[in-house]
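*Asks:* need a 3D model of the sequence below.
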Amino acid sequence: MTDILQLLVYGLVLGSVLTMGAIGVSMIFGILRFAHFAHGDFMTLGAYLGLTFISAFGLSAWWALPAAMVGMAVVAVFIDQVLYRRIRRTQPVILLIASFGMALILRSLVQLIWGSDNQSYATGIQFPWRLDWLGGIRLKPDHLWIVLISLGLVMAVHLFLTRTRLGKAMRAMSDNMDLALVSGIPAERVIMVTWVIGGALAAAAGVFLGIDTRLHPVMGWSALLPVFAATILGGIGRPYGAIAGGMIIGVSMEMSTLIIPAAYKPAVAFAIMVGMLILRPQGIFKGTV
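*Replies:* I've put the predicted structure just below:
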């Protein structure tokens with residue numbers, strides 16, 4: 001039982017990371033109707049932007065987090081204006097291929113600027129708390145902060161989508177693009193805000209992943225499969241489904257180590273994604289907004 005509870009903690013931490021990435025992927029697909037293959041490298045670049053702020057100003061990773069989110073939001077809007085906006089009216093497959101090319105460009109830039117060696121935000125060992133009242137499981141303070149900050153960001157996205165005019169406009173465009181445009185919704189502004197939110201949450205996912213493990217140029221690319229699995233599981237284009245999908249994929253990947261080697265955890269996300277595409281391609285949250 002202690003092992004199961006410990007893996008549940010790890011699953012919630014991983015699920016928090018995947019949720020941040022999956023919300024962005026889901027929102028971009030809901031508004032722009034293409035799968036953004038560069039989102040994993042958005043996570044990587046956000047993580048390295050956080051490292052830059054830490055090195056330049058001596059900040060902790062938690063104080064560098066908002067700076068990395070702002071920086072990645074600016075980068076995301078810049079990439080959209082320079083590349084995606086020019087081909088937005090073409091077929092979705094062209095946008096998909098362009099996003100794959102952008103992923104390669106960003107990964108190469110990270111290697112050129114920061115190098116290809118593993119790096120970390122902080123040195124030393126962080127000793128976990130032992131929670132005897134929960135069967136003696138161990139909880140690192142960083143893990144607790146990752147889950148709590150992710151919860152806060154999810155609540156912020158929820159309030160934005162449900163309480164603001166721009167958030168309601170985004171939901172309207174996701175449900176029926178043509179009707180939303182006819183009703184006078186500012187499409188360009190909605191698209192820009194979509195990239196701001198997607199880029200900021202991708203940076204948060206990257207920083208969380210860097211805090212939990214280490215930074216390396218392919219960290220986001222390695223996480224892209226679980227992120228897409230979470231998006232598809234929750235219903236692609238449905239941000240609320242992405243939240244549930246991220247947690248389910250994260251917990252499933254960690255729990256699978258009870259019966260299979262840890263190296264095969266990505267295969268669990270792949271199996272769930274394939275199963276959903278075969279049995280229920282619309283996702284478990286299809287019909288929700």
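*Asks:* mind listing what's buried in the stretch of helix or strand Asp41 belongs to?
*Replies:* Using DSSP states H and E, Asp41 maps to helix 39-57. Of all the residues in helix 39-57, those buried under the rule 16 or more other C-beta atoms under 10 Å are 39-51, 53-54. In this view, the C-beta of every residue, glycine as well, is placed from N, C-alpha and C.
*Asks:* against which helices or strands is that helix packed?
*Replies:* Counting contacts by 3 or more C-beta pairs under 8 Å, 6 or more residues apart in numbering; DSSP states H and E, helix 39-57 is packed against helix 2-32, helix 61-82, helix 92-114, helix 187-212, helix 219-234.
*Asks:* got the angle for the last one vs helix 39-57?
*Replies:* For helix 219-234 against helix 39-57, the angle by axes from the mean of the first three to the mean of the last three C-alpha atoms, to 10 degrees is 130 degrees.
*Asks:* run through the residues that contact the residue nearest to Val218 when sequence neighbours are not counted.
*Replies:* Setting aside the residues directly before and after it, Val218 is nearest to Arg107 in space (C-beta to C-beta, 6 or more residues apart in numbering), at 6.9 Å. By C-beta atoms under 8 Å, 6 or more residues apart in numbering, Arg107 lies in contact with 41, 44, 217-218, 221.
*Asks:* OK, contacts around the closest residue to Asp41 other than its chain neighbours?
*Replies:* Leaving aside its sequence neighbours, Asp41 sits nearest to Leu106 (C-beta to C-beta, 6+ apart; 4.0 Å). Going by C-beta under 8 Å, 6+ apart, Leu106 touches 38, 41-42, 44-45.
*Asks:* about what we covered before: would you turn the helices and strands packed on helix 39-57 into JSON lines with mean pLDDT and distance to Thr123?
*Replies:* What follows is the helices and strands packed on helix 39-57, written out as JSON lines (pLDDT from 0 to 100; distance: least, C-beta to C-beta, whole Å):
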{"stretch": "helix 2-32", "mean pLDDT": "94", "distance to Thr123": "21"}
{"stretch": "helix 61-82", "mean pLDDT": "96", "distance to Thr123": "12"}
{"stretch": "helix 92-114", "mean pLDDT": "95", "distance to Thr123": "17"}
{"stretch": "helix 187-212", "mean pLDDT": "96", "distance to Thr123": "13"}
{"stretch": "helix 219-234", "mean pLDDT": "95", "distance to Thr123": "18"}
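*Asks:* closest to Pro281 out of those helices?
*Replies:* helix 219-234 (7.8 Å; C-beta to C-beta).
*Asks:* which helices and strands sit right next to the closest one?
*Replies:* helix 2-32, helix 39-57, helix 187-212, helix 239-255, helix 265-279.
*Asks:* ok, now with 6 Å
*Replies:* Under the contact definition 3 or more C-beta pairs under 6 Å, 6 or more residues apart in numbering; DSSP states H and E, helix 219-234 sits against helix 2-32, helix 39-57, helix 239-255, helix 265-279.
*Asks:* burial check on Pro266, number of neighbours?
*Replies:* When neighbours are counted by other C-beta atoms under 10 Å, Pro266 registers 14.
*Asks:* in contact with it: list those residues for me.
*Replies:* Leu225 (C-beta atoms under 6 Å, 6 or more residues apart in numbering).
*Asks:* 10 Å instead?
*Replies:* By C-beta atoms under 10 Å, 6 or more residues apart in numbering, the residues touching Pro266 are 222-223, 225-226, 229, 253.
*Asks:* any chance of these in JSON lines, plus neighbour count?
*Replies:* As requested, the contacts of Pro266 are exported to JSON lines (neighbours: other C-beta atoms under 10 Å):
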{"residue": "Ser222", "neighbour count": "14"}
{"residue": "Ala223", "neighbour count": "23"}
{"residue": "Leu225", "neighbour count": "16"}
{"residue": "Pro226", "neighbour count": "29"}
{"residue": "Ala229", "neighbour count": "29"}
{"residue": "Met253", "neighbour count": "25"}
